[in-house]
Each structure stands twice: as C-alpha cells, then as structure tokens.
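K.L.:
Structure of the sequence below:
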Amino acid sequence: MSLYGALYAGVSGLSAQANAIGIISDNIANVNTVGYKGTSARFSTLVTQQATQNLHSPGGVKSQPFNHIDQQGLLQATASATDIAIAGAGFFVVNESANPGVGDEYLFTRAGSFFPDENGDLRNTAGFFLQGYDLSTGPATTSASTVSGLQTVNVANLAGTATPTSELEIGLNLPSTAAVGDTETLTIQVYDSLGNSHDVDMIFEKTAVNAWSITPQDPTLTSSGAASGTITSAAGSITFNGDGTPATITMPNIDVTWTVGGANNSSIAVDAGTLGQTNGITQFAGEFTVSKSNQNGVSFGNFAGVSIDEQGIVTALFDNGETLDIYQAPVAIFQSPNGLSSQSGNVFQQTSRSGPFLLNLPQVGGAGTVAPSSLEASTVDLANEFTNMIVVQRAYSASAEIITTADEMLEELIRISR
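P.N.:
Residues are numbered from 1 along each chain as shown. I've put the predicted structure just below:
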C-alpha cells in the first residue's frame, strides 16, 4: 500500500540523512587532524518495481560514504626536521610495531608528524612507526608490491665520526720576480683517521727561471706544534709558461706515517690546478698570495640531529659538519586510493577496491615528492561542511514531515470504519 510505502520512504530518508550528519560531524571533528581526508555522503534511490505503470510504490533513499583520499591537502611548514608531507600521489608506509612480525600489518598514511621515541624510532602522533630502507647496506631499491627490506627508521645510537684528509686543493701565486733560491711557505691543516689536527708546511723554492720545487715538511700537532709524523713521499715540482700558467706539474701524493696517537697512515692527493689555466698555482708579478687551501678531512663530531629531504632520505647530522644517509622512506601508490579502507589513527588499509600497493622512491613512477619540515593539513572545508549540515537538517525535517503526514492520512482512513 502506498501509504505504508510513504512511511517507509520517510524512514529511509531519516536514516540516510542521519548517516550524512554523522559523516559531516566526523569531518568537522577532524578539521585539525594532520593528513585527514574528508568524506562526503553520496545518495542513491531505492526503487520498488511494479507490475504496472499506473501505480507508483515508494522506495526511498539510501546514503553511503565516499572517501576523498586522493585529495591533496594544504602543506604547512613546521619547525621539526622530522615532520614530512607528500606533495602529490602516495602514502608513507607505517606499522603498528617497531619490530614488525607475524600479524603486524603494514598500513599507509599521509600523517607525517613523526618524532623519535624513547628508543630512537620515528613514529607519528597516532603511534605508527615509519618504515624505510636501510642505506648502510647500499642504495635503496624498491620492491614492487612487497614490503621486503623495509624496517622501522631508527635514529638512535649514531656514534660520532672523524674523516681523515685524503684530498687537498691549493691555489696560490708565486712571485715571478723572486730570485733563484727564494722560498715561500704555505701551511695547511690536515686530519688523521682519529680526527687529530696537524699542520703541514709546504716549501716552495725557486730553482730556475719559471721553475719551483714543492717540498712538504713533516707534520706537527696543531695544538702544540710537536712533531706528529713523517712524510715519506718525494718532493714535487712545477714549471710555468711565459703567461704565468703552469706548464708542468709533478706532485706525488703526500704519504704520512703518523708517529703519535696511533692513527692509520695517510695518503693525500694534491690538486695544484690545471695545466695552462689559472685555477691553481700561478706565477705572476706581485706578492706571494694564497687564494684557496681546501681539504676534505674533519675532526671528530658528535651526533647533532637528523633531517629528511625531498627524496625521503633520512640523514644524520654531526656537529663537525659531516652527514650520513641512514634510511630512505618509500612512497606507496595505488590504482584507486579512494578504495582504501580507513582505520583508526588516520591510516588506511589495502582492499580489493584499491588494488595492490606499489612501492616507489619519491618522484619516481608517479610517486609524489616528500616535503621536509612540513605537514599536510586536513582537507575539510568548514564553510562547506556547515552548509551541508543545514541542507541535511532540512532534509531530515522534511522526511519526518512525510511520516507525520502519512500518519494523519492513515488515521483518517481508520475513522472511515467508525
């Protein structure tokens, strides 16, 4: 009977609008949730088929949620070096356990508010641990639709390190007016394998017109000037063209046997410039001047923090200026991200509707770019949600009015029999 059909249609309207207001309330409640993806209510008709076209049997309406997971949220800069966001497609891979085992599910999130916990593991505010590839064993290689090789990113127990000098680059001008036998001295600072600083004097002596010898002296400790090693390599030499550029350069490596501290012996390659150019040692009129004296060694440094770059590479920073790449976080992409299943903690679970995940490095194969020191804001638009709330409230009231009107009509029908 159409009167009863009208009642049921009104009830379906109440149910559908109640579901819609629940979706709106979730959106509003998560307006400040990092990486939250808004959901909207999608309505569709319920039709009761009739055997004849002369009658209409009310069916009603139903609503179901539609997740806008592929919608990009606004990126907001933060002061934390371990806050990360994704600009473009993809998700960070996370796990509920710091040491994933059997039964620990890998999930996916856009909420990149990660920070080191008491064990040094990077986890976000929902308690999920960031997964990445360990770079200590070599460059990261993606593994398609498998999480093989992933482990929790950990920034604890990163010891300081020292780097011995292995390369030296010098640039200076030797005076062309110097007499044969005149000398000039360049003092350079180098580091051994233990991070000790040493001074090495390089003596330049004019041996003939347009010709100089280069003799490194035994090193001394920078702090005290005490002898600290012995140079076993031969002296070098350099000759110049008439335009002041070097014609020949003979500069063997500076081989040092350290006699204090127990450091490993060193072999330092010296770059004195390019033949025929003025990018190294030159001979022009004027004073002895040094334009550059660069070496690649550093003293011992302590762990000072971490940073994450646009490639998802987690880098350890040391207070001596050294850096060490330790992990790289991949980005998981899906054919249909809106088909993912939402889980508590602002994470998503793979489903048959989303298709399998594909792990890629950031900016590779359609994966988005990692935005360092940034967080992705919620995609909820409050103005839109409040507008939808008004519409839903009116639709709910109208559905209730259907029930009231149908009830009055049934009551009138009952009176006929009296």
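K.L.:
biggest strand in this protein by residues?
P.N.:
strand 197-208 (DSSP state E).
K.L.:
Going by contacts, tell me the helices and strands next to it.
P.N.:
If contacts are counted by 3 or more CB pairs under 8 Å, 6 or more residues apart in numbering; DSSP states H and E, strand 197-208 sits against strand 167-175, strand 183-191, strand 211-216, strand 220-221. For every residue, glycine as well, the C-beta is placed using N, CA and C.
K.L.:
can you tell me how far Ser342 sits from His198?
P.N.:
Using CB to CB, to the nearest Å, we find Ser342 at a distance of 61 Å from His198.
K.L.:
Look at those two and report which has more neighbours.
P.N.:
His198 (26 against 16; other CB atoms under 10 Å).
K.L.:
give me every residue that touches that one.
P.N.:
For His198, the contact set (CB atoms under 8 Å, 6 or more residues apart in numbering) comprises Gln189, Val190, Tyr191, Asp192, Pro219, Thr220, Leu221, Thr222, Ser228, Gly229.
K.L.:
run the last query once more with 10 Å
P.N.:
By CB atoms under 10 Å, 6 or more residues apart in numbering, the contact list for His198 reads 165, 188-192, 218-223, 227-229, 256, 258, 260-261, 263, 266, 297.
K.L.:
Distance-wise, check it relative to Ser374.
P.N.:
For His198 relative to Ser374 (CB to CB), the value is 43 Å.
K.L.:
Same check on Ser342?
P.N.:
From Ser342 to Ser374 the distance is 23 Å (CB to CB).
K.L.:
same check, this time on Gly22
P.N.:
In terms of CB to CB, Gly22 sits 31 Å off from Ser374.
K.L.:
and what of Asn264?
P.N.:
Asn264 sits 43 Å away from Ser374, going by CB to CB.
K.L.:
Which one's more surrounded, those two?
P.N.:
The neighbour count for Asn264 versus Ser374, taken as other CB under 10 Å, is higher for Ser374 (19 against 11).
K.L.:
In contact with that one, which residues?
P.N.:
So Ser374 contacts Leu74, Leu75, Gln76, Ala77, Thr78, Ser80, Asp83, Ile84, Ala85, Ile86, Ala87, Gly112 (CB under 10 Å, 6+ apart).
K.L.:
buried ones in stretch 17-37?
P.N.:
17, 19-21, 23-24, 26-27, 30, 33-37 (16 or more other CB atoms under 10 Å).
K.L.:
got those residues as a markdown table, with secondary structure and pLDDT columns?
P.N.:
Below are the buried residues of stretch 17-37 laid out as a markdown table (DSSP: H, G, I helix; E, B strand; the rest coil; pLDDT from 0 to 100):
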| residue | secondary structure | pLDDT |
| --- | --- | --- |
| Gln17 | helix | 93 |
| Asn19 | helix | 93 |
| Ala20 | helix | 94 |
| Ile21 | helix | 95 |
| Ile23 | helix | 93 |
| Ile24 | helix | 95 |
| Asp26 | helix | 93 |
| Asn27 | helix | 94 |
| Asn30 | coil | 93 |
| Thr33 | coil | 92 |
| Val34 | coil | 93 |
| Gly35 | coil | 92 |
| Tyr36 | coil | 93 |
| Lys37 | coil | 93 |
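K.L.:
of all these, which comes closest to Gly138?
P.N.:
Distance to Gly138 across the buried residues of stretch 17-37 (CB to CB) is lowest for Gly35, with 30.9 Å.
K.L.:
just to revisit the earlier point, quick check: PyMOL command selecting the buried ones in the contacts of Ser374.
P.N.:
To isolate the buried subset of these in PyMOL, counting by 16+ other CB under 10 Å, use the following:
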select buried, resi 78+83+84+85+86+87+112
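K.L.:
Tell me which of the contacts of Ser374 fall in strands.
P.N.:
Judged by DSSP E, strands contain the following of the contacts of Ser374: Leu75, Gln76, Ala77, Ile84, Ala85, Ile86, Ala87.
K.L.:
ok, which pair from the residues you listed is furthest apart?
P.N.:
Pairwise distances across these (CB to CB) peak at 14.8 Å, for the pair Ala77 and Ile86.
K.L.:
The residue nearest to Ala159 when sequence neighbours are not counted: neighbouring residues, count only.
P.N.:
What sits nearest to Ala159 in space, not counting adjacent residues and going by CB to CB, 6 or more residues apart in numbering, is Phe303, at 7.2 Å. When counting by other CB under 10 Å, one arrives at 17 neighbours for Phe303.
K.L.:
Would you verify that Gln393 is located in a strand?
P.N.:
No. Counting by DSSP: H, G, I helix; E, B strand; the rest coil, one finds Gln393 to be helix, located in no strand.
K.L.:
If anything else comes up later, I'll come back, but that's it for now.
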